[in-house]
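*Asks:* below are the sequence and a predicted model; questions follow.
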2 protein chains.
Amino acid sequence: MKPLNIAILGCGTVGGGVAKILTEQKDLLSKRAGREINLKYIAELNPPAAINRFGLDKKYFIGGGVEVSREDAGKNIQKVLTDPDVDVVVETMGGTSNFVHDTCFGVVHNGKNLVTANKALLAERGVDIFQEAENQNVKIGYEAAVCGAIPIIKGIKESFTGDIINEVCGIFNGTSNYILTQMQQKGLDFDSALKLAQQNGYAEADPTLDINGGDASHKLILLIKLAFGIDVSMEQLSRIGIQNITKNDIDFASEINASIKLICMAKREGNQIFATVRPMAVKNDNILSSVNFAVNAVKLEAEYSKTHFFIGKGAGSSETAMSIVSDIVFIARHGLSDTYTEKNSFSLGDTNKIEFPYLVSFKTKNLPGTTGLITTAIGNQQINIETVSHNRFSGETADFSIETASCAIEQIEKAINEIKSLNNDLLLAEPKVLPILF
Amino acid sequence: MKPLNIAILGCGTVGGGVAKILTEQKDLLSKRAGREINLKYIAELNPPAAINRFGLDKKYFIGGGVEVSREDAGKNIQKVLTDPDVDVVVETMGGTSNFVHDTCFGVVHNGKNLVTANKALLAERGVDIFQEAENQNVKIGYEAAVCGAIPIIKGIKESFTGDIINEVCGIFNGTSNYILTQMQQKGLDFDSALKLAQQNGYAEADPTLDINGGDASHKLILLIKLAFGIDVSMEQLSRIGIQNITKNDIDFASEINASIKLICMAKREGNQIFATVRPMAVKNDNILSSVNFAVNAVKLEAEYSKTHFFIGKGAGSSETAMSIVSDIVFIARHGLSDTYTEKNSFSLGDTNKIEFPYLVSFKTKNLPGTTGLITTAIGNQQINIETVSHNRFSGETADFSIETASCAIEQIEKAINEIKSLNNDLLLAEPKVLPILF
């Protein structure tokens, strides 16, 4: 059988890791694939840096391993896209620019298989790329795009074909999980924990997408498409980041045997998909609460096989690269075989309609009668109260939290409005409302 | 494309679950497979019971749904094995008899794909069946044989092809994990916890294979073959069950923030595989310690992608059946594509050479100087001591445990011998030695 020829576009952290595994393990990979896996080209603006960092031979680099201009780089990529010998293009440039979008579209349009870790591109601008791949009968390998090394894409695609997935849930962003873990274990406030994450290489200089739930949302959008067969846009997805989580929130969660995690969740009820990304207080009996530091976890609920957890590294050069290489071997083995894409007419439901138990935290004036006033207002909305926390007095203010039974967020909002109407000065801040996950 | 025709041999808990999913979800499965998935035959001694239990149409049963003699059942199976229209045979009779072995061998020998949940057969008598499948270029789907619904077989086969697995570890037996969890959470002794497991349907009337580590060993043998490419027999595998775990052991483990779990472990060091099945004290920071009740978990350590956990239901009718159905869909999709089988010349190493930290529990006469004598003997073997437990006095006897730093079991044994030689009457029982897993 003819070799499977690979081209890598972009030789940074991930692309370089891929090139390294493809060259170091060429014999093993070829044996496993049943045919030669051949790295043919690397297109990269700055080959000397990549050669130095990953110990790669300059022969792989288009242009012979010297720096190339942006214009020449564009031409090199066109060369790859039109080379009939190239079977698989690995896109590891990153970003969601027109250039990257058009390159990826061009890969599949030209009848080549695409493998990428670019979750932002696929989630925000991927609909036409996926569609074109289907039209051209080529594959998109994106295992690396969703939770790095966790094999959840092929898991759902190949191992749960006998099942019906009812819920996808988990911790999809390692940076925010690292920050929350440090806040919990070391008692740090958010800013100190973020700084620590940056110092230790777990957060970028600009950590926006990690902290505001954007990166996690990209992954959730891709899993919703895969598991439920519908396209959801970033704008449609209900999303709250971790930027407002305080040490107090962490402590109140601890008090009810829970840890705060940035949770991605999508569940099907009838023909509706309810999806959200937001911090939740995860009870310690739930394995997700034990997933600490820069680790990702995916929980599946399936009709026949019930509850599953997949836990592993969500990022890292060799971890992400491994997922890409496994996608390449899968294409080598099964390239011509049929793959079904789930497509359904489910609609996206209103997240506010999902009922949760809630952890509601209050900062109030330190006045007698406050607990009574607040718990009465909650009870007036037919919400049962599970526990009331210890009061944290601090001079003239008091902090305490209430764990409710399952209810609609609307009921909580009405209760808060009633509290405000009874005593307009009592609340010193808007109450913090976190869903509780059992 | 022609339909994929399925025959099920044995319509009990698992086979009936498979028939149910294949008939209930025929359209969805066929869509996912890219061709019709057609249940053609069920061979079963007692069809009326299966029809009643799973709501199946009698048309599927060879013989029209009436009870058949053992002799006729044998003939029916021969009919299936020689029917050129049958593509996949699902063996869900169970057991390791010659009849079942020869049937499974016959399936692959006749060029049909075999799907089975029969871990005992494949682990104890599977070598020639796997070899014949390779000779005939057909597939054996055995996802359901290893940890039920956890997709670890296709995980390793298809999702870690870009990696090198260095260690497989985990909780592979739900019954023993259920018993240990009840002992820990409810303070039960072993016998009461076993009885509870039997009452709640988590243990058979004869629980031997679950409790002595035999069932877990079957799964470990299959994972060693898959991940490391060597055949290991039951006799070669170092194995200790949970039958001697006491409430005291559980308490001593709790005191060092650990839970006792029946751990299966196989790791590669150079060209040697070290494998064992035995109870270990798993530290609470390790996610395996949070895996409770009848749940299974597999931990992988891989060269590039590092640590992974897969957690899910290890047994159950629909859970195990789902894995079988997914194997069928995989064969439908990828039946003709190449699959590589890992084969290596690694040898099985001496388990006693793996170093562990240990939890060593002593039952002694309640005499002053005992702690000094014992800790001195341990120190004399160059073993560092991490912690000494609180002493549990009970009249004339004392129970206490010692957590050591990492050492060889040989060193522990020498220390125990030294204790015995210094005071032959001091130890009232052979010390219990449990490896500690971080």
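*Replies:* Received it, and whenever you're ready, just let me know what you need.
*Asks:* tell me if A:S401 really is in a strand.
*Replies:* Yes. Counting by DSSP: H, G, I helix; E, B strand; the rest coil, A:S401 is part of a strand.
*Asks:* and stretch A:231-244, end to end?
*Replies:* By CA to CA, to the nearest Å, the extent of stretch A:231-244 from end to end equals 29 Å.
*Asks:* likewise stretch A:308-321?
*Replies:* End-to-end distance (CA to CA), stretch A:308-321: 24 Å.
*Asks:* can you give me the helices for the stretch 1-150 of chain A?
*Replies:* A:13-24, A:26-33, A:47-54, A:70-82, A:98-109, A:119-125, A:127-136 (DSSP state H, counting those that start in this stretch).
*Asks:* and the residue lying closest to A:H109 once chain neighbours are set aside, what is it in contact with?
*Replies:* Of all residues not flanking A:H109 in the chain, A:E132 sits nearest, at 5.5 Å (CB to CB, 6 or more residues apart in numbering or on different chains). C-beta coordinates here come from the backbone N, C-alpha and C atoms, glycine included. Residues in contact with A:E132 (CB atoms under 8 Å, 6 or more residues apart in numbering or on different chains) are A:F105, A:V108, A:H109.
*Asks:* can you list the domains in chain A?
*Replies:* Taking automatic domain parsing as the reference, chain A has its domains at A:4-141, A:153-312, A:355-437.
*Asks:* against which helices or strands is the helix or strand bottoming out on mean pLDDT in chain A packed?
*Replies:* Of the helices and strands making up chain A, the lowest-confidence element is strand A:392-394, at a mean of 83, by mean pLDDT, DSSP states H and E. Packing contacts for strand A:392-394, counted by 3 or more CB pairs under 8 Å, 6 or more residues apart in numbering or on different chains; DSSP states H and E, involve strand A:397-404.
*Asks:* quick check: the residue lying closest to A:K112 once chain neighbours are set aside vs chain B, distance?
*Replies:* In space, A:K112 comes closest to A:V89 once its chain neighbours are excluded; the distance is 5.3 Å by CB to CB, 6+ apart. According to CB to the nearest CB, to the nearest Å, A:V89 stands 17 Å off from chain B.
*Asks:* pLDDT wise, what is A:V89 at?
*Replies:* A:V89 carries a pLDDT value of 98.
*Asks:* tell me the bridge partners for it.
*Replies:* A:A7, A:L114 (DSSP bridges).
*Asks:* okay, now it: neighbour count?
*Replies:* Around A:V89 there are 28 other residues, counting by other CB atoms under 10 Å in any protein chain shown.
*Asks:* need the contact list for it.
*Replies:* So, once contact is read as CB under 8 Å, 6+ apart, A:V89 ends up touching A:I6, A:A7, A:I8, A:L9, A:V80, A:L81, A:V107, A:K112, A:N113, A:L114, A:V115.
*Asks:* C-terminal to the biggest helix by length in chain A, what's the next element?
*Replies:* Scanning chain A for the helix with the most residues, using DSSP state H, yields helix A:317-334. Using DSSP states H and E, the helix or strand that follows helix A:317-334 towards the C-terminus is strand A:347-348.
*Asks:* each with direction, which strands does that following strand pair with?
*Replies:* strand A:272-283 (parallel).
*Asks:* hey, C-alpha coordinates of the partner strand in CSV?
*Replies:* Provided in CSV are the C-alpha atoms of strand A:272-283 (Å, rounded to 0.1, in the frame of the first residue of the first chain):
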residue,chain,number,x,y,z
GLN,A,272,-34.2,20.1,23.0
ILE,A,273,-30.6,20.5,24.0
PHE,A,274,-29.8,22.5,27.1
ALA,A,275,-26.3,23.7,27.2
THR,A,276,-24.2,26.0,29.4
VAL,A,277,-20.7,26.8,30.6
ARG,A,278,-20.4,28.2,34.1
PRO,A,279,-18.9,27.7,37.5
MET,A,280,-20.7,25.2,39.6
ALA,A,281,-20.3,23.8,43.1
VAL,A,282,-19.5,20.1,42.4
LYS,A,283,-20.3,17.8,45.4
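*Asks:* for the helix or strand following that strand, packing partners?
*Replies:* On the C-terminal side of strand A:272-283, the nearest following helix or strand under DSSP H and E is strand A:295-302. Applying 3+ CB pairs under 8 Å, 6+ apart, we find strand A:295-302 packed against strand A:165-171, helix A:174-186, strand A:306-313.
*Asks:* so which of those comes closest to B:D128?
*Replies:* strand A:306-313 (33.1 Å; CB to CB).
*Asks:* what's the angle between that closest one and strand A:295-302?
*Replies:* Computed by axes from the mean of the first three to the mean of the last three CA atoms, to 10 degrees, the angle separating strand A:306-313 from strand A:295-302 equals 160 degrees.
*Asks:* residues touching strand A:306-313, excluding its own?
*Replies:* Residues contacting strand A:306-313 (CB under 8 Å, 6+ apart): A:147-152, A:155, A:174, A:287-288, A:291, A:294-302, A:319, B:149-151, B:287, B:305-313, B:316, B:318-319.
*Asks:* any idea how many residues pack against the residue of the stretch 201-350 of chain A at minimum distance from chain B?
*Replies:* For the stretch 201-350 of chain A and chain B, the shortest gap (CB to the nearest CB) falls at A:V325, measuring 2.9 Å. Neighbour count of A:V325, defined by other CB under 10 Å: 32.
*Asks:* name the nearest residue to it, ignoring sequence neighbours.
*Replies:* In this structure, A:V325 finds its nearest non-sequential neighbour in B:G162, 2.9 Å apart by CB to CB, 6+ apart.
*Asks:* show me which residues of the stretch 251-400 of chain A are close to chain B?
*Replies:* A:287, A:290-291, A:302, A:304-313, A:316, A:318-319, A:321-330, A:333-334, A:336-340 (CB under 8 Å from any CB of the partner chain).
*Asks:* and what of the stretch 1-150 of chain A?
*Replies:* A:17, A:21, A:25, A:28-29, A:31-35, A:143, A:148-150.
*Asks:* where does chain A have low pLDDT?
*Replies:* Where chain A drops to pLDDT under 70, the residues are A:336-339.
*Asks:* at 90 instead, please
*Replies:* A:1, A:335-342, A:352-353, A:390-395, A:424 (pLDDT under 90).
*Asks:* could you find the closest non-adjacent residue to A:L422?
*Replies:* A:L422's closest residue in space is A:L373 (CB to CB, 6+ apart), at 6.1 Å.
*Asks:* same question, A:I419
*Replies:* A:I419's closest residue in space is A:A377 (CB to CB, 6+ apart), at 4.7 Å.
*Asks:* show the contacting residues for the one you found.
*Replies:* So A:A377 contacts A:A415, A:I416, A:E418, A:I419, A:L422 (CB under 8 Å, 6+ apart).
*Asks:* which helix or strand contains it?
*Replies:* Under the criterion of DSSP H and E, A:A377 resides in helix A:370-380.
*Asks:* of all the residues in that helix, which ones are buried?
*Replies:* The neighbour-count check on helix A:370-380 (16 or more other CB atoms under 10 Å in any protein chain shown) flags A:T370, A:T371, A:L373, A:I374, A:A377, A:I378 as buried.
*Asks:* what's downstream of it, the next helix or strand?
*Replies:* Beyond helix A:370-380 toward the C-terminal end (DSSP H and E), the next one is strand A:385-388.
*Asks:* quickly run through the sheet partners of that following strand, with directions.
*Replies:* So strand A:385-388, judged by DSSP bridges, has these partners: strand A:397-404 (antiparallel).
*Asks:* just the CA atoms of the partner strand, as PDB, please.
*Replies:* Written as PDB, here are the backbone C-alpha positions of strand A:397-404 (Å, rounded to 0.1, in the frame of the first residue of the first chain):
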ATOM      1  CA  THR A 397     -21.100  43.000  57.200                       C
ATOM      2  CA  ALA A 398     -22.000  39.400  57.200                       C
ATOM      3  CA  ASP A 399     -21.400  36.700  54.600                       C
ATOM      4  CA  PHE A 400     -23.400  33.500  54.500                       C
ATOM      5  CA  SER A 401     -24.800  31.100  51.900                       C
ATOM      6  CA  ILE A 402     -27.800  28.900  51.400                       C
ATOM      7  CA  GLU A 403     -28.000  25.500  49.700                       C
ATOM      8  CA  THR A 404     -31.400  25.100  48.100                       C
END
